[in-house]
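> requesting a structural model of the entry that follows:
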Amino acid sequence: MSQNVGSGHDITIKELAGTIGKVLGYPGEITFDPSKPDGPPRNLMDSSRPNALGWQAMVSLQEGLQLACRDFLQIP
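Numbering: from 1, shown residues only. Predicted coordinates:
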């Protein structure tokens, strides 16, 4: 069983969208509508507690997304 724990590195929503597009092989352009309300411009999960216990992230965001997409696509 895997656990979702952040790496302690923040990423912009634009960077996250681009990484997801890259993992999925999306060839199009990702655009944002500045007239619409938006959420936080960055996303960061506090990993200080697991880090204090000796835990460290072992996969990058891109690798984790690739693994998750692969697993999702194999579900019958």
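> quote the end-to-end distance of stretch 50-58.
End-to-end distance for stretch 50-58, by CA to CA, to the nearest Å: 13 Å.
> roughly how far is that stretch from the heart of the chain?
18 Å (CA atoms, centre = their mean, to the nearest Å).
> do stretch 54-68 as well
Mean C-alpha position of stretch 54-68 versus that of the full chain (CA atoms, centre = their mean) differs by 9 Å.
> low pLDDT regions in this protein?
Counting by pLDDT under 70, the ranges of the chain that qualify are 1-8, 38, 40-44, 76.
> repeat the analysis, applying 90 as the threshold.
1-16, 32-62, 64-65, 69-70, 72-76 (pLDDT under 90).
> G64 and K14, how far apart?
19 Å (CB to CB, to the nearest Å). Yep, even glycine has a C-beta here, placed from its N, CA and C like the rest.
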